[in-house]
Each structure stands twice: as C-alpha cells, then as structure tokens.
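>>> predicted structure and sequence below. I'll ask about it afterward.
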There are 2 protein chains.
Amino acid sequence: MPTISDVARQAGVSTATVSRHLSGQPVRSHAAIVEAISELNFRPSALARSLKSGRTRSIGVAVPDVTNPFFAAVVMGIESACREDGYHVFLCNTEESSERERALLGELYGRVDGIILAPAIEDPRTAADLRRADVPIVFIDREITDCEDYDSVVVDNAGGARQAAEYLLELGHERIAMIGGPLDTTPGRGRHEGFVAALDEAGVEMAPDFLQIGDFRQASGYQAALRLLGLHPAPTAIFAANNAMAMGALHAFHEMHVRLPDELSFLSFDDLELGELLAPPLTTISRPMREQGVLAMRLLRSRLEEGGDGRPRRRTVLATHLNIRGSCAPPPRPVLTLAGARRPSRDPRRP
Amino acid sequence: MPTISDVARQAGVSTATVSRHLSGQPVRSHAAIVEAISELNFRPSALARSLKSGRTRSIGVAVPDVTNPFFAAVVMGIESACREDGYHVFLCNTEESSERERALLGELYGRVDGIILAPAIEDPRTAADLRRADVPIVFIDREITDCEDYDSVVVDNAGGARQAAEYLLELGHERIAMIGGPLDTTPGRGRHEGFVAALDEAGVEMAPDFLQIGDFRQASGYQAALRLLGLHPAPTAIFAANNAMAMGALHAFHEMHVRLPDELSFLSFDDLELGELLAPPLTTISRPMREQGVLAMRLLRSRLEEGGDGRPRRRTVLATHLNIRGSCAPPPRPVLTLAGARRPSRDPRRP
DNA sequence: TTGAAAGCGCTAACAT
DNA sequence: ATGTTAGCGCTTTCAA
C-alpha cells in the first residue's frame, strides 16, 4: 500500500502539500499530485486519519438478532441513514445474551464514534459499562435502567399491547392468554403491563397459567403455545408479544391442528413477513421498522456533530397500529349452553 | 480517554512495560499496572494498535440486502464465525446496485483486513477495482467474471433449478414458466441455465413469454407473476428463482384468487420464513444459509492468517435440497378433453 | 503557497 | 526485567 510520502516523492512535493490537496485546498502542483495518486493507486489510510483526528466516522450497532425481520429492517434503516452522513456500520449480534453484549461493546469502544444499541436485557452491569465508556449512545427498541439520560427511539409498547387486548375484549373474549417476552426487557415489560392493564380495566382477570413468558425467540413461542393449548379450560385467544414467538406459536397451532380463528383467536406484536398470505391472514400490532433505524441514526448524529454533551435527552416514542386481518374472531360458543348470547351482536371486526 | 502513558505515569513505569503487560508478558510491576489501568479505566486504542500492526482485526461484509432472510442468515453465520476468531464485521448494504457497491468497497479498503462480498452484478469495473485494492476477498452466493482466482462459497444453482424443473416435469407439466433473476448475476444465470437445460432434455420448450426476468426483489416477482397470469395459454407451473420474488408472486396469486396447487403449481428457490405454514405449504429448493456464512469466514480467515497469497483458489459448492410440500400438483386437466389421460397414473409426489 | 517537524497511541527493536 | 527511541500514515501548527 502506497503512503502519502510515496505520493509526495513521486510528485516532487512535501507530504504536507499532498495532505492539503487531499483535504480540498488548492495547491500549485495539483496536476502532478493527481497523477501520482492515480499512478500509485494511492488511498489515504482511514486508520491513520482516525488516529490523528480522533474520529472514526464509524458507529457500532448491536442488536439481539439480525435474523429477526424487525431488527434486519432497523439495521437497514441505520445503514441507509449512515450512508448519507458518510458513516460506516460495525454490526454486532448479541444473541439476546447480556454477557456477549458487554464483550462486544467492549471491543467497540475506541473503534467507533457512537453506538446504537438494542440491549438484550436491562442489566445494571451493562449500564455501568456504558457510563464508564463515555461514548455517545442511542437506545433502540429497548432501554436500560440507570440510563434515563440517554437518547432513545422506542415504540409505545404498552399502548400497542392495550390495542391488542381491547380488540380481543371487544370480540367478546374472556379467556385471554399472552405469550410474553422477558420482563426484564423494555418491550417485554411494557407489552405485559399494557395488556394486563387493559384486561383489568375491563374486569377480565388473566389466570396465572395464561401468561407464558418466552425469550422472544421462535422456539420459546412454540413451547409456550403448546403449554397454553394443554390447559383446561384453554384460552380462546392468545396474544404473542413479538413476531418470532408468533411464528413458533403458529407452528404449534399447525401441528395441533388448531384452526384460526374459529377455534382460537391469535394476534401478535410486529408483523410477520408473509403474515398477510397465511390462512387466515394474521392480525397484528405493527410499527415502523426501517424508520426506527433512521431516527436512531439521526439522534446519534446530532450527538456526534453537535458534540451536545449538555443537551437534554431525546426520547422518540412511535405509535403502533392495529392491523385487523383474519386471525381473530368472537370466541367459539360453548356447546349446549346459551351463555354465548351475552356477547354483542354486531361484528366488531368491522367497526 | 486515558492513554498508555497515563497508565505508565500512574504506575511509575515506562510505556513499554505497560505495553508488555498488555501483551501478556510477565512484568514485575504487575500489580501497580493493573491498578492504574482499572483506576483510570484505560482501554488500549484499537486504532493505534492497528496502525502499528497493519492489521485491523475487522472484515467487511457487503450484501445486496440484509432484509432478505437468506442474507440475514449468511451475515449471522459470518458474525458468529468472526466472534470465535476475534474479528469484527463492517456491514454494508449494496441494495443490488453496482455503483453503491463500488463506493462502499472503496471506503472499506484500509479499514478491514479482508472482505466477504455478494456482488450485485458481474460488473467488470468492480472486478478491476477489487484487483487494484489487493485485499483478500471471498465471494459468497455470487461470483464475478475475471475473478476466477478468488475463493468463493456458492450453491449449485444450476443443479437446484434442475431439481425444480425435473419435479415439475415428473408431475406432468408442460406449460412451465420461470420468474428468473438478472442474467448478469451468478445465481440468476445459473438457475436459468439449469432450468432450461432440464426442460430441453425432456423435450419441453419454454415459450419466450414464459421467462420473466426480475431483479430478485419482491416487487419484480409480483409484476412478473401478474404478467404470467395474463398469458394465453397461461402456464400450469411457475418456478421463482428466489425467495423475495416468490413472496411477490404469492401476493399476486392471492390478489388474483389463483388457488395453489389446483389451478397452478408453484415452487421457489430458497425457503420463505413461513413457507411451511402457508396454505398450501410451499414446495422449495433450499440450501444451507447460516453455514454459507461460516464457510466463507473460514476461507477468508485462512487467507488472512496463512497469508497464503500463493495458495490456489478454493471454491466451495453446496448442494440444494428439494422440499416437497404442498404447492405443486399435476396440471389441471383441460375441461372437455381426454388429453390429460396421457399423463402417468401414479402420483409422482410420493416417489 | 509550501516545507519542516511534532504528535495522535501504540509496539518493537535495541540498549541497559 | 525495564527504559529509550523510532516509527506506523496522516494532519497541522509554525516558519519561511
């Protein structure tokens, strides 16, 4: 790899002159330098530049799972926003492990100007690490306790879960179950709280068995669904707290030959990629995905460029949207009783 | 950020001693150094180290679209292999654009020790760029002309497409269409060639209209499917050359109320995430995904560590697998004729 | 406008 | 075992 001094020698000038040319200043020996550069195929070393300037023009992005379409879209959004700003992305997969996450963050410090993080869980050790590292951070999708002064882009988890609960209640369900996420994550807790609160307000109590906690991954959704299907009485409606667990649950329903929505109503937080093409199409609570990445990068960039250490935290909360498709219906009427007659007669699926 | 000299001063030793401690050598002042490091919260600058050593311990990964589950899985595989080797990943999205790709590659040079690339198209300019950059490269999923001496991990595209064609022929189809990828990409061309070759050998000709070329993205699959459905006579079977275009096609079928597999047989190269849960479950040609990433990283690592500039190219070709599920069936019998009687009587779906 | 020289943080001879 | 010093490739004063 040719260096700046190779170019300088070849062009018959000093390294300082070449450097000036590189930074756009007009120099007399312009032509000679340009020629030397192309002849030697010279590329300034980003490394050396960074060491000098203290800025790497890269950011770190750590998410629990790029394979999840939600995080894939977020990463995509970050990436495209970065390109506009001339930043590069170091991508890290934490695989929902707080230890791995801290290890990865440790390696990121010094390599990047800032970090966008979707923390695995709300681990106080991570918070302590972050503080010590003293690098600009923006949280995305999830937050961390003790970091209330950091910027973040999140979704209204409680509100979204509430929409789900209210919709099920409106359909007349009373035996409503939830496949929840870990309660030590922002979305896990938020979605749980919102869901239960809405049920409470309607005077519907959720049996302890009806809350199954998973880890946001497909396998746990599958297991949770099987457990729910095995209960007596079984729930008439299930809400899955994210897309991956919903996929697992759908596999379970399929295996157990449970027919949606006749025998069971089902909806999930976050869209599935092919959700609309399923039979029945899946009713979901959705939210902007790519956009969340873009917003997070905007926040980070403003921290980076304005240096704004004093500027107050900015928290962006996005709204969710209930997409009524076909996987929810009024609960099946108990055979040989008229109890079902209490339900409202109009079909709440088309309000 | 404290530097190595801050630590040295605090511990009352020279920077060289601290450096030795950092690299694991035993030093007398061990305790003092350890204390100084933790007290100052010192972290050696990866930047300075890289500048010195000439190695960044990072690699660049450029793929057309992380949002595609296939590439997401590949990236995941690379990432996990990297973690074992202590490498970091710079992720780039080329968005199927060769220009963007070259721009991104340009920024990667010097920042990374090696690159894993799934090229957008087989652009000779990219090949020239790569040669000039003189950085170890491994191709994944796709290759590039004029780069026959580079390592690569690809799948047997022609073989997989042949499997698809032979399966459809076996079912008795004769009006067989294909939604192909760009013919200037490795998989686009390979899948097309394999498919057409198999049809040829069976004496079945594909009408020109029956080959619709897309760009591997969902929208193009949707358009292509609509065009195919509008033909007279329409095809009785369609093969989509990748998962994203298959998703688009499925949307088109859904919109046009085409029932699979009774009215139309359909299968795709690469699995869809929920393909098994669709009605009918989707028959596909699948291949290892995560594993491809792992293999690519292995190849790259061996180039990196063995320095093996002289060592010959290694090309890993993976096999595909035909997953017979429910989206293909014998062609519908023409109404009011007995022509269909020519077809074999046994059901080739269960060989 | 240009060149000489210092220095970003670290490592690796070389010398002690 | 430890310290001194040069240097990785670049930018940026400071003089000329």
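That came in fine, so what should we check first?

>>> hmm, stretch A:84-94 in reach of DNA strand D?
No: Stretch A:84-94 stays clear of DNA strand D (Cβ under 7 Å from any atom of the strand), getting no nearer than 14.0 Å. Placement of C-beta: from N, CA and C, glycine included.

>>> buried ones in that stretch?
Residues A:87-94 are the ones in stretch A:84-94 that count as buried (16 or more other Cβ atoms under 10 Å in any protein chain shown).

>>> same check on stretch A:43-54?
Buried residues in stretch A:43-54 (16+ other Cβ under 10 Å): A:44-47, A:50-51.

>>> show me the contacts for the residue nearest to residue A:142 when sequence neighbours are not counted.
Distances taken as Cβ to Cβ, 6 or more residues apart in numbering or on different chains place residue A:186 nearest to residue A:142, at 4.2 Å, with adjacent residues excluded. Residues near residue A:186 by Cβ atoms under 8 Å, 6 or more residues apart in numbering or on different chains: A:122, A:141-143, A:154, A:157.

>>> by neighbours, which of these wins?
residue A:157 (28 neighbours; other Cβ atoms under 10 Å in any protein chain shown).

>>> after the helix or strand containing residue A:300, which helix or strand is next?
Applying DSSP states H and E as the criterion places residue A:300 in helix A:290-305. Counting by DSSP H and E, the element after helix A:290-305 in chain order, helix or strand, is strand A:315-318.

>>> next helix or strand past that following strand?
Downstream of strand A:315-318, the first helix or strand assigned by DSSP H and E is strand A:321-323.

>>> okay if I get the contacts of residue A:186 as TSV plus secondary structure and distance to residue B:191?
Output for those, formatted as TSV (DSSP: H, G, I helix; E, B strand; the rest coil; distance: Cβ to Cβ, whole Å):
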residue	secondary structure	distance to residue B:191
A:122	coil	46
A:141	coil	36
A:142	coil	40
A:143	coil	45
A:154	strand	42
A:157	helix	42
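
>>> ok, which of those also contact DNA strand D?
Within the contacts of residue A:186, nothing lies near DNA strand D by Cβ under 7 Å from any atom of the strand.

>>> wait, which of these is closest to residue B:300?
residue A:141 (30.9 Å; Cβ to Cβ).

>>> quick one, phi/psi of that closest one?
phi 70, psi -40 (degrees, to the nearest 10).

>>> what helix or strand is the closest residue to residue A:260 other than its chain neighbours on?
Computed as Cβ to Cβ, 6+ apart, the closest residue to residue A:260 that is not its neighbour in sequence is residue A:327, at 4.8 Å. Assessed by DSSP H and E, residue A:327 sits outside every helix and strand.

>>> one step back: dump the buried residues of stretch A:43-54 into TSV; add secondary structure as well.
Converted to TSV, the buried residues of stretch A:43-54 look like this (DSSP: H, G, I helix; E, B strand; the rest coil):
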residue	secondary structure
A:44	coil
A:45	coil
A:46	helix
A:47	helix
A:50	helix
A:51	helix
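
>>> flag every residue of chain A that's near DNA strand D.
When proximity is defined as Cβ under 7 Å from any atom of the strand, chain A approaches DNA strand D at A:1, A:3-5, A:15-16, A:19-20, A:22-23, A:42-45, A:47-49, A:51-53.

>>> looking at those residues, which are in strands?
Judged by DSSP state E, the subset of these located in strands is empty.

>>> and DNA strand C, which of these reach it?
Among these, the residues that sit close to DNA strand C (Cβ under 7 Å from any atom of the strand) are A:15-16, A:20, A:48, A:51-52.

>>> ends of stretch A:8-19, how far apart?
9 Å (Cα to Cα, to the nearest Å).

>>> wait, stretch A:40-59
OK, stretch A:40-59 end separation, Cα to Cα: 30 Å.

>>> do the same with stretch A:53-69
Termini of stretch A:53-69 sit 37 Å apart (Cα to Cα).

>>> closest to DNA strand C among the buried residues of stretch A:43-54?
In terms of Cβ to the nearest atom of the strand, no member of those lies closer to DNA strand C than residue A:51, at 4.2 Å.

>>> show the pLDDT at that closest one.
Per-residue confidence for residue A:51 comes out at a pLDDT of 95.

>>> isn't it up against residue B:49?
No: applying Cβ atoms under 8 Å as the test, residue A:51 and residue B:49 come out as separate, 10.0 Å apart.
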